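Enquirer: Generate coordinates for the sequence data below:
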Amino acid sequence: MTDTLSGKKVAFLLTDGFEDSELTSPWQAVTDAGASAVLVAPELGTLTGENGHTQDADVRAADAASSQFDALVLPGGVVNADHLRMDADAVNLARSFFEDHKPVGVICHGGWLLIEADVVRDRELTSYPSLKTDLINAGANWVDEEVVVDNGLVSSRTPEDLPAFNAKLVEEIAEGEHERQTA
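Expert: Predicted structure coming up:
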């Protein structure tokens, strides 16, 4: 355990159907680095991942603001990402992290929420391969790499990329706000 992120507060935005390891692994990485992690969801209650991991939501998306946090993490999972992009509060919350120049980590299908938030234009990122066309059509420069960092936006493809994703996520959160991280 280190204190790299001591005093930092990281929001994890998700709902049912998330990819379990894409929540648990980054959560462990940021808390091991000294940050506090908060689960934000459209509704309070117990959320269940694709493989059965359960965790209680701490804050409703409608009651959360980027000003309360130092960074945002968007785990993947097809059902999770699809439901979040249909939730106006989740979309607005994600967009606000970009407006406030704060680090954002996104993995797998989480990019769908960023497309809906209209924050990927002219950004370089990666995702699960099935999102490639969606991201390109939204104006992103999609690349097939294990982790991509673009001015505070950290993206990865799959759970296999989690070690590289976690390392860059902690690094970007430690750096703080990124002036070129914009909506």
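
Enquirer: make it CA atoms for all contacts and neighbour counts henceforth
Expert: Fine.

Enquirer: Residue 83 falls within a strand, correct?
Expert: No. Using DSSP: H, G, I helix; E, B strand; the rest coil, the secondary structure at residue 83 is helix, not a strand.

Enquirer: Can you tell me what sits against stretch 89-102?
Expert: 13, 41-42, 61-62, 64-67, 70-72, 84-85, 103-104, 113-114, 116-119, 152, 176-183 (Cα atoms under 8 Å, 6 or more residues apart in numbering).

Enquirer: same deal with stretch 60-70?
Expert: Stretch 60-70 has contacts (Cα under 8 Å, 6+ apart) with 8-11, 13, 40-44, 89-90, 93, 96-97, 100, 102-103, 173, 176-177.

Enquirer: Ok, stretch 139-149 next?
Expert: 120-127, 129, 132, 135-136, 154-157, 161, 164-165, 168.

Enquirer: gap between the helix or strand where residue 31 lies and the chain center?
Expert: Element membership for residue 31 (DSSP states H and E) is helix 20-32. Between the centre of helix 20-32 and the centre of its chain there are 11 Å (Cα atoms, centre = their mean, to the nearest Å).

Enquirer: likewise stretch 120-137?
Expert: Distance of stretch 120-137 from its chain centroid, counting by Cα atoms, centre = their mean, is 15 Å.

Enquirer: which stretches of this protein form helices?
Expert: Along the chain, counting by DSSP state H, helices occupy 20-32, 78-84, 88-99, 111-116, 132-137, 162-175.

Enquirer: still on that earlier bit, kindly supply the PyMOL command isolating those of the contacts of stretch 89-102 that are buried.
Expert: Those of the contacts of stretch 89-102 that count as buried under 16 or more other Cα atoms under 10 Å are selected in PyMOL with:
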select buried, resi 13+41+42+61+62+64+66+70+71+72+84+85+103+104+113+114+116+117+119+152+176+177+178+181+182+183
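
Enquirer: Could you list which of the contacts of stretch 89-102 belong to strands?
Expert: Of the contacts of stretch 89-102, the ones assigned to strands by DSSP state E are 13, 41, 71, 72, 104.
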